[in-house]
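Colleague: everything below, folded, please.
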Amino acid sequence: MQSYIVYFGAHSHGSEPTSADQERATDSHHEFLGSFMRCNEKAKQSIFYSYNKHINGFAARLEEKEADEIAKHPEVISIFENKIRELHTTRSWDFLGLEKDSDIPFNSLWKKARFGDGIIIGNLDSGIWPESKSFSDEGMGPAPSKRRGICQGGMTDEGKSDGIKCNSLLTARDLDGHGTHTLSTAGGNFVANVSIMGNGDFVNYVTLGNGKILKGASLSYEGFPPDEKLYPLIMLEDAVVPNPNASVVAEDDRNSCNAKNYQMDLNKLKGKILVCINKKQKATSNDMSSLQAVAGANKDMSEPGAGIITINDKESGNFLKVKPERITISSMNFTTGESLLAYIKSTKNPVAKISSAKTVFNMEAAPMVPPFSSRGPSIVEPNIIKPDITAPGVNTIAANIGDPQLPYKTLSGTSMSTPHVAGIVGLLKIIYPQWTPSAIKSAIMTTATTADTSSRSILDTNYKEMTPFDYGSGHVRPDLAADPGLVYDLSVDDYLNFLCARGTDEKIISMFYPKKTFVCPKSSSLADFNYPSIAVAHLNDSVTITRRLKNVGKPETYNVSVEEPTGVSVQVEPKSLTFGKQGEEKTFKAVFKRDSDDKLDRYVFGALTWSDGYHHVRSPIAVKLLKL
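Modeller: This is a model prediction of the structure:
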C-alpha cells in the first residue's frame, strides 16, 4: 500500500470558503473514495489529508489497483504517488562523508589516511593529461620509495613529439579523455574552485506562459536574461521539412530528439524553442540531430532558434545527464516533461523561457540507481551476487584534456563509480597496509547502506524499489569501511578452490599460480566461497553454506540476525561468535530451507548481519527458488 494524492482541480466554493464549505468538501472526498472501497468508513481511515480550502483533492493510502481505477474516473485530473523529497549535496566528498560543509570531520577516512599520502593508484585506462592541475605535484613531496617506474616522455598538447622518441600508441598521454577523467576522480591534487562554466550535479528552470516554473538540467553556456520575453514552443514534428524521398517516420519517433530520418526547417525554428523527446532506445552519445539543427540555426540565422527543451521518454525515466552546450538548452525528466507536454496541449500558443544553468547543492534524495548501472544476476557465476557495491557515478566533474577553456567536464557511467571506490581502497590501504584485497573489499561491502538520505530503500530513477542485483551490498560508506569490525578474507588457495568447484582443469588452475603445485581438494563447493555476500543459485529443498570471519577490531562478541528471504527459512550456527584477539578467525554455517511451494522460478532477497552493538557486518542474500 502506497500514499497517493488525488487531484480534482478547483473547488466550487470559491477562494474564501466557510467552515461548512470545507466540511462539505471533506465529506465529498470520503464519498468519492467510498464509492471505490464500497465503504465510507474505510475511506475515512484511508484518507489522511483533505485539501478542502484552495485546491480540491485528498491524500490517501491506496492499493495500486485502487489507484489505477481512480485514475480512470472522469472527475480526476491526476493521481500520483506522494513522495518525500529530502536534500543532499552534489559534491562526492560531502555525500560520502569525507567532508561536511567545507570542514573535515575528525573521523573522516581522508584525515585518518593522511589524504592519500604515500599511496600509488594504478590506472589501466587511456592515459592521463599531465598538464591538468589535478595532476600537479605542487606542494607534494617525492614519490613513494616503493614506486617502480620512470617518468616517460610522450606527445605534446599538439600531438607532436616532445623530443623523446616515442610511438604515440605506447605513450601514457591521454588522447581520449577517459583515463584523465577517471584518475583525477580516484586521486590527484586538490584544485580550488573546480566547475564547468562556473557551475557544479547543473539546474536550470523553464518558465511557462501560464506562470508555472519547471525544473530541468543544463550545462548551457547561455540562458535568457531574467526579464527576457517568452518564446513560442514548437514540437519537433512541426519543425521538419516534408521530404517525400525520406523513409516513413514511425508514429512514436515523430518527436524523437534522436531520430535521423528527417530534415529540420530552420525557418520554422526561427525565434522558437524546440521541444523533442529523448528516447532511450534511440540515444547515441547525446549527439542529437535536433540539437545540431538548433545550433545551426543559432549560427546561420539573424534571428536564431531560441533554444531547445529535451524530455525523457518513459523508459528513460527521471535520469538526467548533462554536458556543456553552446546553445540554450534544458533537459527534463519524464515526470516534469509530462507537465510541459500537458501545457503545450492546453493552449494554441504555448510560450516559455529558459534560465541559465545554476549550481544547486540541495536536491532530491540519493543515491538512486541510474539506467546505465550494471545489473545482476551474474551470468558467469550465479553463486556470487553482482554487482558488489554502488558508488557515485552521475554527472561527475573531473579533469578534461586539451581544452584550456574547459579544463573539467562531466561524465556519467560505471566508469565514474569505479574510481570513487578505487580512491577509497587507496585510503584504506594506507591505514591497513597488511590487509588483503579481499579484506578491503569485505570492509567496503559489509558497511554499505541500502537506504537513501530519506532512510528509505534505494530506488531507481523511476522510483522503483531495488534489490541486491541493482545496488549490490549497497552504497559505499568510506568512514565505516575504515572500522568494519569483522571481514570475510580470502587467500590464494580460496580462489584456486573456487576454480576447482567450477570444474576447471588442474593444469589450467596451476597457470594462475605457478609458484606452488596445486591439487584440487576431494570436495569443494561454490556455496562455501568466503565472499562478503551470499547467493544460493538453486534451492529445491535445502542448502548449507559456510563462511569464515576474521576479527580486525577489538575483542568482542558478535550476535547474528537474519532478514529471511520470502519463502525461505535460515538457520545459523553458532548464533554467537566471540573473538578474543585481533586476527582471530571463526567459522559459521547457515542452512537455507525452502518453505514455499511457489511454482515459479524467482529470486528472493534478505540479509545476514553480525553485530557487537556498534559494528554491523551485513551480507545481502539472494536465493533462487526453483520451480517445483
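
Colleague: how much space between Ser524 and Thr546?
Modeller: Distance, Ser524 to Thr546, by C-beta to C-beta, to the nearest Å: 11 Å. Backbone N, C-alpha and C define where each C-beta goes, glycine included.

Colleague: whoops, Glu99 was the one
Modeller: For Glu99, the distance to Thr546 - C-beta to C-beta - is 41 Å.

Colleague: report the buried residues of stretch 550-568.
Modeller: Lys550, Asn551, Val552, Glu556, Tyr558, Val560, Val562, Glu564, Pro565, Val568 (16 or more other C-beta atoms under 10 Å).

Colleague: and that stretch, how far from the chain's centre?
Modeller: Relative to its chain's centre, stretch 550-568 lies at 28 Å (C-alpha atoms, centre = their mean, to the nearest Å).

Colleague: tell me the contacts of Asn312?
Modeller: Taking C-beta atoms under 8 Å, 6 or more residues apart in numbering as the contact definition, Asn312 lies against Ile277, Asn278, Lys280, Asn318, Phe319, Leu320, Ser331, Met332, Asn333, Phe334, Gly337.

Colleague: switch to 10 Å and redo it
Modeller: Shown in contact with Asn312 (C-beta atoms under 10 Å, 6 or more residues apart in numbering): 257, 277-280, 283, 318-320, 331-338, 371, 461-462.

Colleague: please apply the same query to Val425.
Modeller: With C-beta under 10 Å, 6+ apart, Val425 has these contacts: Ile119, Ile121, Ala186, Trp435, Pro437, Ile440, Lys441, Ala443, Ile444, Pro478, Ala481.

Colleague: which one of Glu99 and Thr546 has more residues nearby?
Modeller: Taking neighbours as other C-beta atoms under 10 Å, Glu99 and Thr546 compare with Glu99 leading, 18 against 13.

Colleague: apart from its neighbours in sequence, what residue is nearest that one?
Modeller: Trp93 (4.4 Å; C-beta to C-beta, 6 or more residues apart in numbering).

Colleague: shouldn't the one you found be within a helix?
Modeller: Yes - per DSSP: H, G, I helix; E, B strand; the rest coil, Trp93 lies within a helix segment.

Colleague: where in the stretch 401-550 of the chain is pLDDT low?
Modeller: By pLDDT under 70, the weakly predicted segments of the stretch 401-550 of the chain are 514-515.

Colleague: need the helices for the stretch 101-250 of the chain, in chain order.
Modeller: 109-112, 178-186 (DSSP state H, counting those that start in this stretch).

Colleague: filter the contacts of Val425 to the buried ones?
Modeller: Among those, those classed as buried by 16+ other C-beta under 10 Å are Ile119, Ile121, Ala186, Trp435, Ile440, Lys441, Ala443, Ile444, Pro478, Ala481.

Colleague: if I look at the residue nearest the centre of the chain, how far off is Lys272?
Modeller: In the chain, the residue lying closest to the centroid (C-alpha atoms, centre = their mean) is Val369, at 3.4 Å. Noted for Val369: a distance of 36 Å to Lys272, by C-beta to C-beta.

Colleague: rewinding a little: and which of the buried residues of stretch 550-568 is nearest Pro407?
Modeller: Ranked by distance to Pro407 (C-beta to C-beta), these are led by Val552 at 40.6 Å.

Colleague: the closest one and Val487, how far apart?
Modeller: Taking C-beta to C-beta, one finds Val552 at 5 Å from Val487.

Colleague: give me the common contacts of those two.
Modeller: With C-beta under 10 Å, 6+ apart as the test, Val552 and Val487 both reach Tyr432, Trp435, Ala439, Ser442, Ala443.

Colleague: which residue, other than its chain neighbours, is closest to the last one?
Modeller: Yep, that's Ala443 we're talking about. Pro484 (4.0 Å).

Colleague: residues near that neighbour, how many?
Modeller: Count around Pro484 with other C-beta under 10 Å applied: 23.

Colleague: now do the SS call for it.
Modeller: coil.

Colleague: my read: it touches Ser473, true?
Modeller: No - using C-beta atoms under 10 Å as the test, Pro484 is too far from Ser473 to be in contact (11.8 Å).

Colleague: intersection of neighbour lists for the two?
Modeller: With C-beta under 10 Å, 6+ apart, Pro484 and Ser473 have common neighbours Ser442, Ile444, Met445, Thr446, Thr447, Pro532.

Colleague: was I right to think the first one contacts Asn530?
Modeller: Yes - judged on C-beta under 10 Å, Ser442 makes contact with Asn530 at a distance of 8.8 Å.

Colleague: which ones are touching Gly317?
Modeller: For Gly317, the contact set (C-beta under 10 Å, 6+ apart) comprises Lys280, Asn333, Phe334, Thr335, Met368, Pro370, Pro371, Asp460, Thr461, Asn462, Tyr463, Lys464.

Colleague: and the closest residue in space to it that isn't next to it in sequence, how far from Leu526?
Modeller: Spatial nearest neighbour of Gly317, chain neighbours left out: Asn462 (3.9 Å); criterion: C-beta to C-beta, 6+ apart. Using C-beta to C-beta, Asn462 is found at 34 Å from Leu526.

Colleague: among the contacts of Gly317, which one lies nearest to Tyr408?
Modeller: Nearest member of the contacts of Gly317 to Tyr408, counting by C-beta to C-beta, is Pro370, at 20.8 Å.

Colleague: thinking again about what came up before, filter the contacts of Val425 down to the ones in helices?
Modeller: If you go by DSSP state H, those have Ala186, Pro437, Ile440, Lys441, Ala443, Ile444, Pro478, Ala481 in helices.

Colleague: would you point out the most distant pair within these?
Modeller: Top of the distance list for the ones in helices among the contacts of Val425 (C-beta to C-beta): Ala186 and Ala443, 17.7 Å.
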